[in-house]
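>>> this one's sequence-less:
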């Protein structure tokens, strides 16, 4: 369970001006909840994720995971970035095992788990390949395996499919849902794609920019397991429509539709 | 095959021009004369070649041994970098050829000033390449390290240094070529052996073919040493060489 309490983050730009990346954000995320965060550029959604990860510290407010305030990166958190950032000198298997090496855990225990994860995302025969031999989508799959190798209970995904083509992207969304069903965990998933946000989530957090705030939290009560068929569902349509309104405003509706 | 053909054709043209126009040997010796005069003193040449080779390799290794920790130190903080970088640039603005005789006075007429000159000529591009490589690590990668509680040393050892390997090899390739220049400059100024010394003494006695022979050996040595660096990269860091090939292609 993640509690985000009155969180604010101020960055100082080079000329000394203060930039409010995030202002007074409060949010509770339940155990094994799939939460997506959607909003325009500059709404602080990545900043929120980085604060939860402990990579940066808030200006005020706090993040607590299972009742403990996050002051530094935690072992029970996994991160997936927009770019796969695999180590070019390591095989896919070694890349997936990288967190264990860093954490000083026993790598031999992780090998079975790594094989299991790679099989799960369809990279079964690619353990000994190097990252450059894989496509962008395959590299990102490997990066997802890497984020899961140390059994995190919280998975933070910062626009993980942002660099992928539209088709691969849809495929990957279902893949993440499958992983989440197989290995339930709390997922915070930042995205630019409204349909992706609704397809995946239990709840969608819609954020507004300058300063970054929560505009609205939308419950998605669509049945699971979900497939693309769900996009024709009434509630899916209503939810995406509502999010569009929140982000673009009603007045622009005509222009967006046309 | 084509470059070899062109090369052979040039040699024949060179030989022909010298023969036909009767160019004196002290102005431009024919390839055949260079060959006979140089091979006539093969054992002496061999001794000098080994001496120069020793200076080049030692100077090169010293450059690497100093550049690597220096680059790591420089990139450890912007403050240190801004403190050291101008000094490095200053060492580069000194003409090494002019510095050489001063170093001989300071350090004595032995191998030391030659190694120092070789080092001074070769180390700068190496430091810069390594520093650039260490800084080129994507932020996500260091964040990934931090998210797994990597210490500064682990970050350096497991992320930054491996990431810099292709950059290090770019630097090493430049450095090995410059080390040849540095060693010869050192031998010009002060030496009792080495190919640089040979060229100086041979020209003093108008033994131009021998000077040409030494020059050719130096060139071949430069190419071979360069290729050795390339091969070391291919054998021990195949991913580094392969990555570069794909980016170039």
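Yep, it's here. All figures in this text were calculated on a predicted structure; none of them were measured in a lab.
>>> Report how many residues lie close to the closest residue to residue B:36 other than its chain neighbours.
Spatially, and ignoring its direct neighbours in sequence, residue B:36 is nearest to residue B:209 (7.9 Å; C-beta to C-beta, 6 or more residues apart in numbering or on different chains). Where you see a C-beta, it was placed from the backbone N, CA and C, and this is true even at glycine. Counted with other C-beta atoms under 10 Å in any protein chain shown, residues neighbouring residue B:209 total 23.
>>> The residue of the stretch 1-150 of chain A found nearest chain B: neighbour count?
Nearest residue of the stretch 1-150 of chain A to chain B, counting by C-beta to the nearest C-beta: residue A:102, 3.7 Å away. By other C-beta under 10 Å, 21 other residues sit near residue A:102.
>>> is it fair to say it lies in a helix?
Yes - counting by DSSP: H, G, I helix; E, B strand; the rest coil, residue A:102 is located in a helix.
>>> Once you drop chain neighbours, what's closest to it?
Nearest residue to residue A:102 in three dimensions, chain neighbours excluded: residue B:148, at 3.7 Å (C-beta to C-beta, 6+ apart).
>>> Can you pull the phi/psi pair for that neighbour?
Note on residue B:148: its backbone torsions stand at phi -110, psi 30 [degrees, to the nearest 10].
>>> which ones are touching it?
Applying C-beta atoms under 8 Å, 6 or more residues apart in numbering or on different chains to residue B:148 gives the contacts A:73, A:75, A:98, A:99, A:102, A:103, A:150.
>>> State the distance from residue A:41 to residue A:21.
Counting by C-beta to C-beta, to the nearest Å, the gap from residue A:41 to residue A:21 is 12 Å.
>>> now do residue A:142
Residue A:142 is 30 Å from residue A:21, where distance means C-beta to C-beta.
>>> Then residue B:154?
For residue B:154, the distance to residue A:21 - C-beta to C-beta - is 29 Å.
>>> Quick check on these two: which one has the bigger neighbour count.
Each of residue B:154 and residue A:21 has its neighbours counted (other C-beta under 10 Å); residue A:21 has more, 24 against 16.
>>> thought the more buried one was touching residue A:11?
Yes - at 5.5 Å, residue A:21 and residue A:11 qualify as touching, with contact defined as C-beta atoms under 8 Å.
>>> Low-confidence regions, the chain specifically.
All of this is about chain A. A:250-258 (pLDDT under 70).
>>> I was after chain B.
Residue ranges of chain B with pLDDT under 70: B:243-249.
>>> got the residues of it near chain A?
Proximity of chain B to chain A, by C-beta under 8 Å from any C-beta of the partner chain, involves residues B:138, B:140-141, B:143-150, B:154, B:158-159, B:162-163, B:165, B:237, B:239-240, B:242-243, B:246.
>>> Pull the distance from stretch B:44-64 to the chain's centre.
Remark: stretch B:44-64 is offset 11 Å from the chain centroid, using C-alpha atoms, centre = their mean, to the nearest Å.
>>> swap that for stretch B:59-78, please
Centre-to-centre, stretch B:59-78 and its host chain are 16 Å apart (C-alpha atoms, centre = their mean).
>>> Ok, stretch A:48-66 next?
So, by C-alpha atoms, centre = their mean, the centroid of stretch A:48-66 is 15 Å from its chain's centroid.
>>> now swap in stretch B:200-214 and tell me
How far stretch B:200-214 lies from its chain's middle: 23 Å, per C-alpha atoms, centre = their mean.
>>> and residue A:120, how many neighbours?
For residue A:120, the count of nearby residues is 18 (other C-beta under 10 Å).
>>> Check the spacing between it and residue A:128 real quick.
18 Å.
>>> if I look at residue B:110, how far off is chain A?
41 Å (C-beta to the nearest C-beta, to the nearest Å).
>>> that older thread, report all helices and strands that the helix or strand where the residue nearest to residue B:36 lies contacts.
Using DSSP states H and E, residue B:209 maps to helix B:208-236. Using 3 or more C-beta pairs under 8 Å, 6 or more residues apart in numbering or on different chains; DSSP states H and E as the contact criterion, the elements in contact with helix B:208-236 are helix B:31-40, helix B:42-74, helix B:161-189, helix B:195-204, helix B:238-248.
>>> tilt between the helix or strand just after the second one and helix B:42-74?
In other words, helix B:42-74. Following helix B:42-74 in sequence order, the next helix or strand is helix B:78-93 (DSSP H and E). Relative orientation of helix B:78-93 with respect to helix B:42-74: 150 degrees, computed using axes from the mean of the first three to the mean of the last three C-alpha atoms, to 10 degrees.
>>> elements contacting helix B:78-93?
Using 3+ C-beta pairs under 8 Å, 6+ apart, helix B:78-93 sits against helix B:42-74, helix B:111-135.
>>> Measure how far the last one is from the centre of its chain, please.
The gap between where helix B:111-135 is centred and where its chain is centred comes out at 10 Å by C-alpha atoms, centre = their mean.
>>> next one: stretch B:28-43
Distance of stretch B:28-43 from its chain centroid, counting by C-alpha atoms, centre = their mean, is 26 Å.
>>> what comes up buried for that stretch?
Buried residues in stretch B:28-43, counted by 16 or more other C-beta atoms under 10 Å in any protein chain shown: B:28, B:29, B:30, B:31, B:33, B:34, B:37, B:38, B:41.
>>> For the residue of chain B found nearest chain A, give its distance to residue A:150.
Closest contact between chain B and chain A, by C-beta to the nearest C-beta, is at residue B:148 (3.7 Å). With distances taken as C-beta to C-beta, residue B:148 is found 8 Å from residue A:150.
>>> which residues are common contacts for those two?
With C-beta under 8 Å, 6+ apart, residue B:148 and residue A:150 have common neighbours A:75, A:99, A:103.
>>> The first one and residue A:150 touch, don't they?
Yes - judged on C-beta under 8 Å, residue A:75 makes contact with residue A:150 at a distance of 6.6 Å.
>>> More neighbours: those two, which one.
Higher neighbour count among residue A:75 and residue A:150: residue A:150, with 19 against 15, using other C-beta under 10 Å.
>>> For that one, list the residues it contacts.
Going by C-beta under 8 Å, 6+ apart, residue A:150 touches A:75, A:78, A:99, A:100, A:103, A:105, A:110, B:148.
>>> Am I right that it falls within a helix?
No - secondary structure of residue A:150 (three-state DSSP): coil, not part of a helix.
>>> Chain B contacts on chain A?
Selection of chain A residues close to chain B by C-beta under 8 Å from any C-beta yields A:53-55, A:72-73, A:75, A:77, A:79, A:81-83, A:85, A:87-89, A:98-99, A:101-103, A:130, A:132, A:150.
>>> Go again with 6 Å.
Contact residues (C-beta under 6 Å from any C-beta of the partner chain) of chain A with chain B: A:55, A:73, A:79, A:81, A:83, A:85, A:88, A:89, A:99, A:102, A:103, A:130.
>>> In TSV: those, plus secondary structure.
Conversion of the residues of chain A next to chain B to TSV gives the following (three-state DSSP):
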residue	secondary structure
A:55	coil
A:73	coil
A:79	strand
A:81	coil
A:83	coil
A:85	coil
A:88	coil
A:89	coil
A:99	helix
A:102	helix
A:103	helix
A:130	coil
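>>> Going by neighbour count, which of these are buried?
For these, a burial check counting by 16+ other C-beta under 10 Å picks out A:55, A:73, A:79, A:81, A:83, A:85, A:88, A:89, A:99, A:102, A:103, A:130.
>>> Can you say which helix or strand has the closest residue to the third one other than its chain neighbours in it?
When you say that, I think you mean residue A:79. Spatial nearest neighbour of residue A:79, chain neighbours left out: residue A:156 (5.0 Å); criterion: C-beta to C-beta, 6+ apart. Using DSSP H and E, residue A:156 maps to strand A:154-158.
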